[in-house]
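Undergrad: when you get a sec, could you give me coordinates for this:
(2 chains)
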2 protein chains.
Amino acid sequence: MSLKFDLLKNSGKSRLGILHTKHGDIHTPCFMPVGTVGSVKALKPEDVAQTGAEIILGNTYHLMLRPTAELVNKMGGLHKFMNWPKPILTDSGGFQVMSLAGLRKITEEGVEFQSHIDGGVKHMLTPERSIEIQRLLDSNITMCFDECLSWPVEKEKALASMRMSMRWAKRSFDAFEQREGYGIFGIVQGSMYKDLRLESVETLTQIPFDGYAVGGLAIGEPQEMMFEVLDYTASALPDTKPRYLMGVGKPSDIVGAVLRGIDMFDCVMPTRSGRTGQAFVRGGFININNSCFKDDSKPFDEKCQCPTCRNYSRAYIHHLFNAKEILGYTLLSQHNIWYYQDLMRDIRKAIEEDRYKEFADEFLSTNKC
Amino acid sequence: MSLKFDLLKNSGKSRLGILHTKHGDIHTPCFMPVGTVGSVKALKPEDVAQTGAEIILGNTYHLMLRPTAELVNKMGGLHKFMNWPKPILTDSGGFQVMSLAGLRKITEEGVEFQSHIDGGVKHMLTPERSIEIQRLLDSNITMCFDECLSWPVEKEKALASMRMSMRWAKRSFDAFEQREGYGIFGIVQGSMYKDLRLESVETLTQIPFDGYAVGGLAIGEPQEMMFEVLDYTASALPDTKPRYLMGVGKPSDIVGAVLRGIDMFDCVMPTRSGRTGQAFVRGGFININNSCFKDDSKPFDEKCQCPTCRNYSRAYIHHLFNAKEILGYTLLSQHNIWYYQDLMRDIRKAIEEDRYKEFADEFLSTNKC
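TA: Below is the predicted model of the structure:
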């Protein structure tokens, strides 16, 4: 196996672990900030590391278009290019190309598409090309190329799509070059249909992936439905491998998913909210654009130890957003990622102390986000 | 006197000094990065301090409109509000309101204007109100309220304007509340007319200002003309007080002005260029948007020790600008301010070692910016 995963402890279905990679260890459950185009938006990499984040996510789709995987490779790989020496996971590009409705054509071979940048040019993503791109980027955790459906979707279509994704998963695995400290994760599909999800798990676990992701969730379905899928999907996955819930999510999504045995998360929410003015605070969130904050000398969150909360008032950041000063996005994004990392620290501590169920019940009954 | 200035050394007309304020010392010749609306654009204050900058400039006009001087005062002053514990100089707002052509009316009393933000609302700036605002902001160095003419301008108009500015200088001084570690600077006007400049110096130096600025330059006139004005203006100012050339400038402007006895500078160039992609390097500048940099693994400037040059390639920053990632502005702005502070360090060292004339000749003959 190319990535070593130590499962340290269980508390109910919740798990505490360490995933070892060539670029460092990742304590799970973990949250990965998203660095779409080779930058976690508005933040220096040291600002991201300071929050406690041990791994970030890069996007194959964005990076293949610019600056291109070949250029990143020529510059020494994504870690060096963006000055982030810690682990990186890359998605496969599947999710993004699927959302290019009208601009893409899916066949058994792969997906032909026109990009949102160079509208006229045609590109092709296949399982083999996606894996090659992720190798060129020097990604520590490569994701299989798969089809991600929107929801709702008819069962027949979901079945055909899931089975193609499973064939693509095998092609992805075969195309992956095994290296010490690097690995590849399979992705469970099957929409909201239990038998399809279980068939997908059954097929995928016959391939010795380094970890298993649950894809096709957090695409608009209610939270209870997502939790229901996780209830039967996560338990069907092997105990010895990390489990990653892709693109999730709100703090309450994460807390509920850890309760069901998930180890890894990523989401643009803390950085996207950082740009719209939404700040996560204990118990919920506030929108700093609200005029009630214009003379509020308190920090975002008095319990937060992040540099933003230690040094700046809500009034100042309200002013920065009002004046459209870039620093506002930086300060708010760092706070939000810190909030997510605090949440993961609290989650890991609760599992460590074998009181995760109580922690989750308390969090879910008092938190509004 | 409220601000103590130690003149340490002369090398020709060039001077080495230390200006002491309540919030710290400033080694002169110095360059002040501009923090217009309470933020040096795209940078955290610690990033600014790391460059070696010991003082920044805040803008009365922008801050009076938002978040308002009263709010900044309520929040503990500008140092605390923006988390910059070092010295701050504020301009008087005069320069900005004068440029609101068609939206402002000048009388002996002051200037009535409509702002660029709340178009319909009328505001009034007088010498007394400008000084009050700067006190509310807790500015260490307050600037007189003056009229800054554009150029070219007829002598008769320049004379009348200069004399009104001198009456306003007296009113500004009288309105200034003397406090230890705080001071007020007078501003020499008179356009490009020698007799007017000398009359302005004569009038101003009868008032015990803590320093003297040269205003009304760098407004489109050729560099030689600016240097000519400085030749006779700077020498006429008292040796014992710091001399500040407002709004200047390009590196070569600064080198030439120090040669003529100027001690302090401010300019938006390094931060504005940081947003347009212009990077200052030894010998000139480059525009990082240029496609020739797309696979250039070198830093902006191999001699620069700034964090941007130590950690990032031109290729990466080219990519960030291409993808419109905020981090690009941050990295380039910090480099450019570092470049300016390196220049000031080199200037101070050359004066210290009594070889400033040689330094300036060499710089001006080899530098293209």
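Undergrad: use CA for all of it now, contacts and neighbours both
TA: Fine.
Undergrad: got phi/psi on the residue of chain A positioned farthest from its centre?
TA: What lies farthest from the middle of chain A is A:D295; by C-alpha atoms, centre = their mean that is 35.8 Å. Backbone torsions of A:D295, given as degrees, to the nearest 10, read phi -130, psi 30.
Undergrad: which non-adjacent residue is nearest it?
TA: Leaving out its chain neighbours, the residue that sits closest to A:D295 by C-alpha to C-alpha, 6 or more residues apart in numbering or on different chains is A:A315, at 5.0 Å.
Undergrad: related to what we said a few turns ago, got a list of what the residue farthest from the centre of chain A touches?
TA: Contact analysis of A:D295 by C-alpha atoms under 8 Å, 6 or more residues apart in numbering or on different chains lists A:R314, A:A315, B:L71, B:M75.
Undergrad: how close does the residue of the stretch 1-150 of chain A found nearest chain B get to B:D146?
TA: At 5.0 Å from chain B, A:A42 is the closest residue in the stretch 1-150 of chain A, using C-alpha to the nearest C-alpha. Distance, A:A42 to B:D146, using C-alpha to C-alpha, to the nearest Å: 38 Å.
Undergrad: now swap in A:Y316 and tell me
TA: Taken as C-alpha to C-alpha, the span from A:Y316 to B:D146 is 29 Å.
Undergrad: re the thing from before, near the residue of the stretch 1-150 of chain A closest to chain B, how many other residues are there?
TA: Residues lying near A:A42 (other C-alpha atoms under 10 Å in any protein chain shown) number 26.
Undergrad: over to it: give its phi and psi.
TA: The phi and psi values for A:A42, taken as degrees, to the nearest 10, are phi 70, psi 10.
Undergrad: repeat for A:N10
TA: phi -120, psi 150.
Undergrad: quick check: it touching A:L16?
TA: Yes: using C-alpha atoms under 8 Å, A:N10 is in contact with A:L16, at 6.4 Å.
Undergrad: tell me which of those two has more neighbours.
TA: A side-by-side neighbour count of A:N10 and A:L16, using other C-alpha under 10 Å, places A:L16 first with 24 against 15.
Undergrad: before we move on, back to that, any shared contact partners between A:N10 and A:L16?
TA: A:I351.
Undergrad: pLDDT wise, what is the residue farthest from the centre of chain A at?
TA: A:D295 carries a pLDDT value of 97.
Undergrad: low-confidence ranges in chain A?
TA: Applying pLDDT under 70 to chain A picks out residues A:1.
Undergrad: tell me the centre residue of it?
TA: A:D266 (1.9 Å).
Undergrad: which parts of chain A sit against chain B?
TA: Proximity of chain A to chain B, by C-alpha under 8 Å from any C-alpha of the partner chain, involves residues A:37, A:39, A:41-44, A:66-67, A:71, A:75, A:81-83, A:295, A:297, A:311-313, A:316, A:319, A:323, A:325-327.
Undergrad: buried subset of these, written for ChimeraX?
TA: Command for ChimeraX that selects the buried part of those, burial taken from 16 or more other C-alpha atoms under 10 Å in any protein chain shown:
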select /A:37,39,41,42,43,44,66,67,71,75,81,82,83,295,297,312,313,316,319,323,325,326,327
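Undergrad: list the contacts of the residue of the stretch 1-150 of chain A closest to chain B.
TA: Contacts of A:A42 by C-alpha under 8 Å, 6+ apart are A:I326, A:Y329, A:T330, A:S333, B:E325, B:I326, B:L327.
Undergrad: kindly reformat those residues as JSON lines containing distance to A:T107.
TA: Formatted as JSON lines, those follow (distance: C-alpha to C-alpha, whole Å):
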{"residue": "A:I326", "distance to A:T107": "43"}
{"residue": "A:Y329", "distance to A:T107": "41"}
{"residue": "A:T330", "distance to A:T107": "42"}
{"residue": "A:S333", "distance to A:T107": "39"}
{"residue": "B:E325", "distance to A:T107": "34"}
{"residue": "B:I326", "distance to A:T107": "37"}
{"residue": "B:L327", "distance to A:T107": "38"}
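Undergrad: now, these that are in helices?
TA: A:I326, A:Y329, A:T330, A:S333, B:I326, B:L327 (DSSP state H).
Undergrad: out of the residues you listed, which comes closest to B:S150?
TA: A:I326 (30.9 Å; C-alpha to C-alpha).
Undergrad: for the closest one, which non-adjacent residue is spatially closest?
TA: Using C-alpha to C-alpha, 6+ apart, the closest residue to A:I326 is B:A42 (5.0 Å).
Undergrad: which element is the residue nearest to A:D295 on?
TA: Assigned by DSSP states H and E, A:A315 belongs to helix A:314-322.
Undergrad: what residues sit buried inside that helix?
TA: A:R314, A:A315, A:Y316, A:I317, A:H318, A:H319, A:L320, A:F321, A:N322.
Undergrad: and what of stretch A:15-29?
TA: Those would be A:15-21, A:23, A:25-29, for stretch A:15-29 by 16+ other C-alpha under 10 Å.
Undergrad: farthest-separated two in these?
TA: Most distant of the buried residues of stretch A:15-29, by C-alpha to C-alpha, are A:R15 and A:H23, 22.5 Å apart.
Undergrad: related to what we said a few turns ago, separation between the residue farthest from the centre of chain A and B:V72?
TA: Where B:V72 is concerned, A:D295 sits at a distance of 9 Å (C-alpha to C-alpha).
Undergrad: ok, now A:K357?
TA: Relative to B:V72, and taking C-alpha to C-alpha, A:K357 is found at 46 Å.
Undergrad: those two: which has the busier surroundings?
TA: Using other C-alpha under 10 Å, the more surrounded residue of A:K357 and B:V72 is B:V72, with 26 against 19.
Undergrad: my read is the more buried one is in a helix, agree?
TA: Yes: under DSSP: H, G, I helix; E, B strand; the rest coil, B:V72 sits within a helix.
Undergrad: my guess is it meets B:R135, correct?
TA: No: with contact defined as C-alpha under 8 Å, B:V72 does not count as touching B:R135 (10.6 Å).
Undergrad: you'd agree A:I88 is up against A:R135?
TA: No: the criterion here is C-alpha under 8 Å, and A:I88 misses it with A:R135 at 11.5 Å.
Undergrad: more neighbours: which of those two?
TA: Set A:I88 next to A:R135 and count neighbours by other C-alpha under 10 Å: A:I88 wins out with 26 against 20.
Undergrad: tell me the domain ranges of chain A?
TA: Structural domains assigned to chain A are A:7-267, A:275-369, following automatic domain parsing.
Undergrad: end-to-end on the last one?
TA: With C-alpha to C-alpha applied, domain A:275-369 spans 17 Å between its terminal residues.
Undergrad: what do you get for stretch A:23-42?
TA: End-to-end for stretch A:23-42, by C-alpha to C-alpha: 23 Å.
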